[in-house]
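Colleague: sequence isn't available, so here's the structure alone:
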């Protein structure tokens with residue numbers, strides 16, 4: 001046994017040395033790597049924390065806006081990642097809506113560390129022709145069979161001839177709410193229809209779809225679902241086509257100036273609410289029943305709508321002085337010839 005003792009001790013020593021070497025390797029390389037990873041992670045977190053302290057301005061709305069001369073510029077606003085700096089943003093620049101040109105609005109902010117952020121919005125004011133004018137046409141019903149006032153019923157084939165003329169000669173049709181956005185009205189017209197008779201669904205709507213022509217329909221809300229008017233389901237279908245803007249024509253079609261203020265507002269506001277409940281979208285245009293209005297009627301209408309149309313008149317001049325709450329319309333009747341319609345179309349510029 002003594003003979004092998006020295007060999008056993010030698011082997012033990014070797015094992016100890018190898019074990020120490022392995023443990024040292026594990027500690028230095030694997031443990032050190034983890035430490036480095038932790039350090040690296042810590043630095044990343046520090047970087048993220050540091051980055052989050054830097055101010056950032058984010059513009060609301062579009063960074064490039066175009067509006068037509070004379071129309072109001074509404075500042076869309078901005079967001080900033082540090083709420084404490086929200087009221088410290090400096091805005092420089094001005095948009096002169098009376099003069100065509102390109103304007104820059106600059107936003108700048110800096111925190112107490114001197115870290116700064118900035119953003120720029122470009123606003124283009126497009127020039128409008130100084131003598132711009134748009135033909136706005138007023139229809140009531142399209143049908144061959146008449147009842148009531150015969151002259152309010154345009155024959156179906158004559159209405160289609162008018163729409164075909166617009167299509168064949170390259171006219172662009174506009175919704176009423178698109179008038180403000182135009183720089184001029186050469187070969188542009190606006191078609192409007194009062195009362196929302198059933199003929200709009202059975203005769204007018206198919207022809208509009210055939211020629212891809214846009215129109216604005218003014219609805220008497222108490223008459224919906226009654227005879228001879230469109231139903232709520234038909235109105236939704238008409239609206240959802242994308243070819244027809246829906247406007248209000250009051251609840252019961254009264255002569256508004258003869259009402260007291262409470263009833264007047266109920267007719268103007270209530271019809272809007274009823275239509276928005278049916279359509280699920282804002283209703284922004286109004287047509288005065290019988291074309292009757294007063295300064296008080298206009299004041300109330302302005303509270304709820306962007307524009308309003310009267311009955312009759314001639315061409316609508318569109319400029320910085322335009323009163324969008326008394327837009328005039330050309331009446332189109334059973335007695336209106338195709339040549340007369342063509343002549344009225346040519347007045348746009």
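Modeller: Received the coordinates, thanks. What you see is a predicted model; the values in this text were computed from it and never measured.
Colleague: any idea how far residue 325 is from residue 348?
Modeller: 21 Å (C-beta to C-beta, to the nearest Å). From N, CA and C alone the C-beta is placed, and that goes for glycine too.
Colleague: between those two, which is the more surrounded one?
Modeller: Between residue 325 and residue 348, residue 348 has the larger neighbour count (other C-beta atoms under 10 Å), namely 22 against 19.
Colleague: next one: the more buried one, what pLDDT does it get?
Modeller: Listed pLDDT for residue 348 reads 93.
Colleague: residues touching residue 71, list them.
Modeller: With contacts defined as C-beta atoms under 8 Å, 6 or more residues apart in numbering, the neighbours of residue 71 are 97, 180, 181.
Colleague: at 10 Å what do you get?
Modeller: By C-beta atoms under 10 Å, 6 or more residues apart in numbering, the contact list for residue 71 reads 97, 125, 126, 128, 180, 181, 320.
Colleague: tell me who's in contact with residue 122.
Modeller: Per C-beta under 10 Å, 6+ apart, neighbours of residue 122: 62, 63, 64, 65, 66, 93, 102, 103, 104, 105.
Colleague: quick check: the first one is in a strand.
Modeller: No - assignment of residue 62 by DSSP: H, G, I helix; E, B strand; the rest coil gives coil, placing it outside any strand.
Colleague: my read: it touches residue 76, true?
Modeller: Yes - the pair residue 62 / residue 76 is scored as a contact, 7.5 Å apart, by C-beta atoms under 10 Å.
Colleague: between the two, what contacts are shared?
Modeller: residue 121.
Colleague: from the contacts of residue 71, which would you call buried?
Modeller: Using 16 or more other C-beta atoms under 10 Å as the burial test, the contacts of residue 71 include 97, 125, 126, 128, 180 as buried.
Colleague: got the phi and psi for the last one?
Modeller: Dihedral angles phi and psi of residue 180 (degrees, to the nearest 10) take the values phi -60, psi -30.
Colleague: how about it, nearest residue that isn't a chain neighbour?
Modeller: Using C-beta to C-beta, 6 or more residues apart in numbering and skipping residues adjacent in sequence, the residue nearest residue 180 is residue 71, 5.4 Å away.
Colleague: and residue 161, by the same measure?
Modeller: Spatial nearest neighbour of residue 161, excluding adjacent residues (C-beta to C-beta, 6+ apart): residue 338 at 5.5 Å.
Colleague: residues in contact with that neighbour?
Modeller: Taking C-beta under 10 Å, 6+ apart, we find residue 338 in contact with 158, 161, 162, 164, 165.
Colleague: also residue 345?
Modeller: Contacts of residue 345 (C-beta under 10 Å, 6+ apart): 135, 137, 162, 165, 166, 169, 171, 187, 188, 189, 330.
Colleague: buried subset of the residues you listed as a PyMOL selection?
Modeller: In PyMOL syntax, the buried subset of the contacts of residue 345 is picked out as below (16+ other C-beta under 10 Å):
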select buried, resi 135+137+162+166+171+188+189+330
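Colleague: which of the contacts of residue 345 sits closest to residue 215?
Modeller: residue 137 (9.1 Å; C-beta to C-beta).
Colleague: partner strands of the helix or strand hosting the closest one and their direction?
Modeller: In this assignment (DSSP states H and E), residue 137 forms part of strand 136-139. Using DSSP bridges, the strands paired with strand 136-139 are strand 188-195 (parallel), strand 330-331 (parallel).
Colleague: pLDDT of the longest one, averaged?
Modeller: Model confidence over strand 188-195, given as mean pLDDT, is 98.
Colleague: which is the next helix or strand following that strand?
Modeller: Per DSSP H and E, the first helix or strand lying C-terminal to strand 188-195 is helix 198-199.
Colleague: what's that next one in contact with?
Modeller: Residues contacting helix 198-199 (C-beta under 10 Å, 6+ apart): 139-145, 153-154, 156, 159, 193, 205, 226-231, 234.
Colleague: among these, which lie within helices?
Modeller: Among the contacts of helix 198-199, the members falling in helices (DSSP state H) are 156, 159, 205, 234.
Colleague: mind listing what the second one touches?
Modeller: Contact criterion C-beta under 10 Å, 6+ apart gives 139, 141, 142, 143, 153, 199, 203, 204, 207, 208, 332, 341 as the residues in contact with residue 159.
Colleague: which residues touch the last one?
Modeller: Okay, so that is residue 341. Contacts of residue 341 (C-beta under 10 Å, 6+ apart): 135, 137, 154, 158, 159, 161, 162, 165, 166, 189, 330, 332.
Colleague: give me the low-pLDDT residue ranges for this structure?
Modeller: By pLDDT under 70, the low-scoring segments of the chain are 1-52.
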